[in-house]
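Enquirer: Sharing a model that was predicted from the sequence below.
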Amino acid sequence: MSRATDFAGVCAAMLPPEAGGPDADELARRIHTYVSQLPRTTRMALTTGVRSIDMFARVTSGKRLADLDTAKRVRVLQRIATRGHTNEALEAIKAVVLLVAGGERAAAKFSHDIAKVPIPDDPLHNRVIRASDWPGCTSVDAVVIGSGAGGAMTARCLARSGMSVLILEEGAHHPTRDLHTMSPLERQSELYRECGISFAIGNPVVILPQGRSVGGTTVVNSGTCFRTPDHVIRTWHEECGLALAEPARFGTYLDEVERTLHVTPTQMRVIGGNGQIALRGAHALGWSASPLIRNAPECAGTGQCAWGCPLGVKLGVHLNALPQACEAGATIVSEARAHRLIREGDRIVGVRCRRRDGSWFDIDASIVVVAAGATETPALLRRSRIASHPHIGKHLAVHPAATVAGRFEEAIATGVLQSVGVDEFHEDHGILLEATKTPPGMGASVLPGFGASLVESLEGADTLANLGVMVADKSSGRVVGSTQPLVFYALDRIDMQNLVFGMEKAAQLLFAAGAREVILGLSHQPVVHSHAEAKAVLSGVARHDLHLAGFHPTGTVSAGHDAARHPVDEQGRLRGVSNVWIADASILPACTRVNPQLSIMAMGLAVGDSVTNVMR
Amino acid sequence: MTFHEVMEGSLRRLNETRTQRFTFSIDAAIPHTLQMVRETTATVRGSLWIQGAATAVPVEGTLEMSPLKKRRLRYRLSWQSDDGKQYRFDGWKTLRYLRLLSSWTTLPGAVYDADGRVWASAELKFSLRRQLPRLLASIRFGARHDALSEPRWRNQPGRTEVWYTTLTDPDSGTGVWLHHELIAPDTGKPYVHGWISVFPPDSVPVTRRFGPYACSANPLQSLAEHGMTVSPQRMSGDLGDVSWDLRCAGNRSQPLFPMSRTVWRRSLLPASQIVPQPSARFSGPIGYPAKKLSLQDASGASARVYGHGNAQRWIWLHADLGNDDVLEIIGAVARQHSLRWLPMLVFIQLRRHGKVWPRFPLLAAWRFHARIRGDTWTVRGRMGGQQLQVQVTLPTTQTVELEYVDPDGAHALCRNSERATAHIVVQHARRQTTTIEWQLDGTAHAEIGRHPT
């Protein structure tokens, strides 16, 4: 079991109080609180890591890390950082330390930005029943597992067709009112699976943040809404034989989703300093760039999208599709984890669920729609023993992203979290550059260095402008396991090349916008001072040097015509059983190449229509 | 097979914190006993209580039993609460072999409102200590409801078999008596006949006979050939100025066996009577001279008699006490000379809140005494801590006198009224305090009969 004192030495080493960092014991206590909410394996890995560092300090210097002076502590860490794999572990620990430290720094600013803003009403007030209050047995026409992008649209479609629909959500319901009083770290812990640091094992490790609350990832995403590119739809329809993606029909679904989300271009007044810099750099280089289209017509630019919009202006499905489903008669049960589907012969007759206190309840249903997400859906099918298809869990695409930051003279004004997109290299290389500004320490990137330099970087993070580099990847990952999914991801060689190319272009853009230095986010030589230097450094970068995040996992239970290749048929129905449909990102047979919220919601709508057609 | 089960527990309305006591008491009838092990569906009827919402309301539904295949016992019940609204309960016991006892006695479920929305969460338990002995004692292996209406006669001579129905129209107060009878004489050919008597409240009763018709192997078939339909679901006939077409809306409680099930099955007495549908609801047109009635949920009962003929003297009462409670009394003196001197045996079955008293009517028959004075008879007796007093009066102007013929050719006379009055008192035997009392004015169905010699 971890203790708060385990982290004290590492906190003192990475962010020394003597150099202006936070009090090490207090920071260690907060880290311990955060880590205690993580899954057991992650908790054990972190605890083992920090204890190993402490042991290394004792072996090499005779003292615990906390008892060494500032310089010696940094030297211990630097020695560990010289090895590739130990450096990865150290970077992971640093990411957690920076996350908690950054969260505390951000708390005051978050509260200040929303202090006088009126709290909107909750459209799901009294519509969400906690599992602890739900009966032990219920019977409905259709149960939808997952209240995210796909599940919400399917549930709305089924409820409007007259079916009695129950929506199961593993996470809790956090109305906008709650977000006003919760700290950023509390919001991250509550709104994300595994407190936001779930990851895929591989070289490099890829952070896979996934939302877990009523509304799913739409509560914590950036709100960027791209229509599925035409060539992607054609790939799905013609190469994979996905009937749901027939272009004309799919286009109407995308139109409906855009209406539901009130999709509009981001207004210039809220794009903030980060977006202005991205536009400036792109224009200087003659690249195609524009403010992103988002589902936040009344956005005030507080930049808190990834921790749930505290103003209720980023319109996730919990503010539109789910209330509309409830108006049509659907019921949402929160804090309920679908343990397995109950099978009789070739039919699924219901779902067995687990409450947070460990008790069970059953739901009988003649239709089951699984929309638990690309990593949870395969695990659920395995627990239900209906995952015999050999391709379930395979072909995971994550849309990997790296972050490149440029340091400017002036502080970067707050604005929309993800404001501007540069699609100059999208068509040829599948690369999207998106200006994404997160509070220091709370984003996907890891600030370089230890000790005083890290403290200085953290304090000076307000002058950093961030660009995310997203690459359309091949489906190189897989999800194994049934009780808890374990994700593996092997970055493809071509994807690696595209990623490095994209990082180089991001550095070029930032220098063109006036950056005096660019932080590439690499473990070795993270800072460069010119485009040429960036190009040279990146040309020799090793995989394990990269810090990647994948925000868009897709494809693990793909749909298509070929029964041998696709576990789900062209109408969205799982093969091998007669009444289970999949309506989340896992059925997308190829990477969307853009932020996939609209694509997933449109596919959810398509699956909903498919179900109602069968039931007619 | 039938059994009686009581589940007790509580329910909690969604978005509320307080719990309300929730109990139901049901009689389940399994059509095919052996299929219970694999998969079968039993019909259930009984009563239900929800604290503050439903007080002893009638409930009906199904119990799906699949202990091995689906490992589930699913209860579906529907009722109308005190507020007049319809609700239903749907819950199931999921049998877990490692926790067999607790899973078999715990019933979680949901209560739904008329719109199909979840209204409350419920959990009930079966108390092994209190309820298991009663459940085991209530198990009966017997025929289904419909099978109880099938003819028992197998072409033997010297038998009589009767299907009769009595009912009262709640709107007009009119009583109706339908009587269908097979007589297989000791010598001679069997025949079927019957009559319908209508007892309007404001005029003399009207009786019309039909038959005799020759009887084939199936008396009901023979009646049907002459336009008389007799079945648990429907009775119809047309005699010109009197006609009827009544549909039974479904029996609301289990059959009654006033002379015990064993006596009926094994014909241990010269004749025996059962009531397959003690709390039925009849709807449909019925016409008699100068009037046509359209019955809507008229309460009544259908009963059967089978044996060697009528008793030397007899009394009979069917009283609908409301809320599916009924009282059935048959008193009889045997025709055999050696047994005529014995006091009248009085067979009683009082069903109240789904429970029947006395439990062993054959044994209890000696504990009750009948006295007949003209058109009034009384029964008194005590059994199992309770004392029963019943006084029945047949109103002179609303009583018919009809002749019965036995298989041996003897004639009996009966006086029958479907607008009798009855005063029924149940008292605590020791304390002599009245537990409950009913007064039926014009809605009791009663008869007094005797052989003149």
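Expert: Cool, the structure landed.

Enquirer: quick one: secondary structure of A:E88?
Expert: helix (DSSP: H, G, I helix; E, B strand; the rest coil).

Enquirer: mind checking pLDDT for it?
Expert: The per-residue pLDDT reported for A:E88 equals 79.

Enquirer: same question, A:G84
Expert: 66.

Enquirer: cool, B:H318 as well?
Expert: For B:H318, the model assigns a pLDDT of 96.

Enquirer: residues contacting it?
Expert: B:T166, B:V275, B:P278, B:A301, B:A303, B:V326, B:L327, B:E328, B:A444, B:H445, B:A446 (CB atoms under 8 Å, 6 or more residues apart in numbering or on different chains). C-betas here are computed from N, CA, C, even on glycine.

Enquirer: Kindly state the pLDDT recorded for the spatially closest residue to B:T40 that is not a sequence neighbour?
Expert: Counting by CB to CB, 6 or more residues apart in numbering or on different chains, B:T40 lies nearest to B:M65, which is 5.5 Å off, once chain neighbours are set aside. According to the prediction, B:M65 has pLDDT 91.

Enquirer: Now for B:M65: which residues touch it?
Expert: So B:M65 contacts B:I30, B:M36, B:E39, B:T40, B:T41, B:A42, B:L73 (CB under 8 Å, 6+ apart).

Enquirer: Check A:M601 too.
Expert: Per CB under 8 Å, 6+ apart, neighbours of A:M601: A:A149, A:G150, A:A152, A:M153, A:V257, A:T260, A:L261, A:V317, A:A321.

Enquirer: Kindly report the same for A:H531.
Expert: Applying CB under 8 Å, 6+ apart, we find A:H531 in contact with A:E504, A:A507, A:Q508, A:F511.

Enquirer: Quick check: the closest residue to chain A within chain B vs B:K93, distance?
Expert: Here chain B gets closest to chain A at one residue, B:P108, 2.5 Å apart by CB to the nearest CB. Using CB to CB, to the nearest Å, B:P108 is found at 8 Å from B:K93.

Enquirer: between these two, who's got more neighbours?
Expert: B:K93 (25 against 21; other CB atoms under 10 Å in any protein chain shown).

Enquirer: Buried residues of the strand or helix carrying that one, list them for me.
Expert: For B:K93, the host element (DSSP states H and E) is strand B:86-94. Neighbour-count burial for strand B:86-94 flags B:Y87, B:R88, B:F89, B:D90, B:G91, B:W92, B:K93, B:T94 (criterion: 16 or more other CB atoms under 10 Å in any protein chain shown).

Enquirer: can it be found next to chain A?
Expert: Yes - looking at strand B:86-94 against chain A by CB under 8 Å from any CB of the partner chain, the contacts come from B:D90, B:G91, B:W92, B:T94.

Enquirer: Greatest separation within these: which pair is it?
Expert: By the measure CB to CB, B:D90 and B:T94 form the most distant pair in the residues of strand B:86-94 next to chain A, at 13.6 Å.

Enquirer: who touches both of the two?
Expert: Counting by CB under 8 Å, 6+ apart, the contacts common to B:D90 and B:T94 are A:C137.

Enquirer: Can you read off the backbone torsions of the residue of chain B closest to chain A?
Expert: The phi/psi pair for B:P108 (degrees, to the nearest 10) reads phi -90, psi 160.

Enquirer: follow-up on the earlier one: B:A370: which of the contacts of B:H318 is nearest?
Expert: Of all the contacts of B:H318, B:A446 has the smallest distance to B:A370: 12.4 Å, by CB to CB.

Enquirer: Identify the residue spatially nearest to A:A507, adjacent ones excluded.
Expert: Excluding its sequence neighbours, the residue lying closest to A:A507 (CB to CB, 6+ apart) is A:A534, at 3.8 Å.

Enquirer: Which positions in the helix or strand that contains the one you found come out as buried?
Expert: Using DSSP H and E, A:A534 sits in helix A:531-539. By 16+ other CB under 10 Å, the buried positions in helix A:531-539 come out as A:H531, A:E533, A:A534, A:K535, A:V537, A:L538.

Enquirer: what ranges do the strands span in the stretch 351-453 of chain B?
Expert: For the stretch 351-453 of chain B, the strands defined by DSSP state E, counting those that start in this stretch occupy B:355-357, B:368-373, B:376-383, B:386-393, B:400-405, B:411-428, B:434-450.

Enquirer: weakest of those strands by average pLDDT?
Expert: Among these, strand B:355-357 scores lowest, at a mean of 86.

Enquirer: Give me the contact list for it.
Expert: B:H4, B:S25, B:L256, B:Q349, B:L350, B:R351, B:M383, B:G384, B:Q386.

Enquirer: Could I get the average pLDDT for stretch A:61-72?
Expert: Across stretch A:61-72, the average pLDDT comes to 87.

Enquirer: Run the chain-centre distance for it.
Expert: What separates the centre of stretch A:61-72 from the centre of its chain is 37 Å, taken as CA atoms, centre = their mean, to the nearest Å.

Enquirer: cool, and stretch A:44-52?
Expert: Worked out by CA atoms, centre = their mean, stretch A:44-52 lies 24 Å from the chain centre.

Enquirer: In the residues of strand B:86-94 next to chain A, which has the lowest confidence score?
Expert: Within the set of the residues of strand B:86-94 next to chain A, pLDDT is lowest for B:T94 (92).

Enquirer: Contact residues of chain B facing chain A?
Expert: Within reach of chain A by CB under 8 Å from any CB, chain B has these residues: B:12, B:14-15, B:70, B:90-92, B:94, B:108-110, B:116-118, B:120-123.

Enquirer: Can you list which of the residues you listed are found in helices?
Expert: Among the residues of chain B next to chain A, no residue falls in helices (DSSP state H).

Enquirer: Are any of the residues you listed buried, and if so which?
Expert: Among the residues of chain B next to chain A, those buried by neighbour count (16+ other CB under 10 Å) are B:12, B:14, B:70, B:90-92, B:94, B:108-110, B:118, B:120-123.

Enquirer: re the thing from before, tell me the one of the buried residues of helix A:531-539 nearest chain B?
Expert: For these, the minimum distance to chain B (CB to the nearest CB) is 57.3 Å, reached by A:L538.

Enquirer: Look up the residues forming beta bridges with the residue nearest to B:T40.
Expert: Residues in a beta bridge with B:M65, per DSSP bridges, are B:T40, B:L73.

Enquirer: mind listing what the strand holding B:K93 pairs with, with the direction of each?
Expert: Assessed with DSSP bridges, strand B:86-94 is paired to strand B:72-80 (antiparallel), strand B:106-112 (antiparallel).

Enquirer: Out of these, the one nearest A:S359 is which?
Expert: Using CB to CB, the strands paired with strand B:86-94 put strand B:106-112 closest to A:S359, at 9.8 Å.

Enquirer: Alpha carbons of the closest one, as PDB, please.
Expert: Output of strand B:106-112 as PDB, limited to C-alpha atoms (Å, rounded to 0.1, in the frame of the first residue of the first chain):
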ATOM      1  CA  THR B 106     -35.100 -13.100  -1.800                       C
ATOM      2  CA  LEU B 107     -37.200 -11.400  -4.500                       C
ATOM      3  CA  PRO B 108     -36.000  -8.000  -5.800                       C
ATOM      4  CA  GLY B 109     -38.100  -6.300  -8.300                       C
ATOM      5  CA  ALA B 110     -39.600  -3.000  -9.600                       C
ATOM      6  CA  VAL B 111     -43.100  -1.600  -9.400                       C
ATOM      7  CA  TYR B 112     -44.300   0.100 -12.600                       C
END
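
Enquirer: Off-centre distance for that strand?
Expert: Distance, stretch centre to chain centre, for strand B:106-112: 30 Å (CA atoms, centre = their mean).

Enquirer: can you list contacts of it?
Expert: Contacts to strand B:106-112, defined as CB under 8 Å, 6+ apart, come from residues A:135-139, A:361, B:7, B:9, B:11, B:73, B:75, B:87-93, B:118-126.
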